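J.: output the structure for:
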Amino acid sequence: MPRLAVGDTAPDFTLDNQDGKSVSLSDFRGQRVVVYFYPAAMTPGCTTEACDFRDSLSALSAAGLVVLGISPDQPEKLKEFAEKEGLNFDLLSDPDKAMMDDWGAFGEKKNYGKVVQGVIRSTVVVDAEGTVELAQYNVKATGHVGRLRKALGIEAA
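T.: Modelled structure (predicted):
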């Protein structure tokens, strides 16, 4: 499973968001984009991470970043998740995990000491030209957004 690295061209994608609208990476050309991958909406770790992105969105936006969250969940579940948690950014559905595979965010991982196939909690920052600026794999949900902001030199808003 190839992983993206700094300097790689981020593969374009088009996925449906929580409202059933198509969203492509190329829609954001000229802007920096945080693409983060999480296993499942409305689970404890994924909720923690999503709410951290929600709470940091003003600081990320002020630094010129757009946030996109991606999971294998269907748009209906993503809509429920967004409404329940007051999420203020697009959640995208990749049910066949093809985009996750292209980005190195699906494959073997350890889960409670066992090797399983699944979504690898990951975050990739893409610059305004579509080049990978930062790629982090196997991140921990708790505190991840704070660590990401620190890595990007972004203070709290």
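J.: apart from its neighbours in sequence, what residue is nearest Thr14?
T.: Among residues not flanking Thr14 along the chain, Ser24 sits closest, at 4.3 Å (CB to CB, 6 or more residues apart in numbering). (C-beta placed from N, C-alpha, C; glycine too.)
J.: if you could redo that for Arg121, that was the one I meant.
T.: With CB to CB, 6+ apart, the residue lying closest to Arg121 is Val139, at 5.2 Å.
J.: again, but for Phe13
T.: Ranked by CB to CB, 6+ apart and with sequence neighbours excluded, the top spatial neighbour of Phe13 is Met99, at 4.4 Å.
J.: count the neighbours of the one you found for me.
T.: Close neighbours of Met99, defined as other CB atoms under 10 Å, add up to 22.
J.: and it, what does it touch?
T.: Met99 makes contact with 11, 13, 15, 70 under the criterion CB atoms under 8 Å, 6 or more residues apart in numbering.
J.: of the residues you listed, just the buried ones, ChimeraX syntax please.
T.: Typed into ChimeraX, the next command selects the buried ones out of those (criterion: 16 or more other CB atoms under 10 Å):
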select :13,15,70
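J.: out of the contacts of Met99, which are inside strands?
T.: Counted as lying in strands by DSSP state E, out of these, are 15, 70.
J.: nearest to Pro39 among the contacts of Met99?
T.: Nearest to Pro39 among these, counting by CB to CB, is Ile70 at 10.6 Å.
J.: just to check, the closest one is in contact with Met100?
T.: Yes. Look at Ile70 against Met100 with CB atoms under 8 Å: they come within range, at 6.8 Å.
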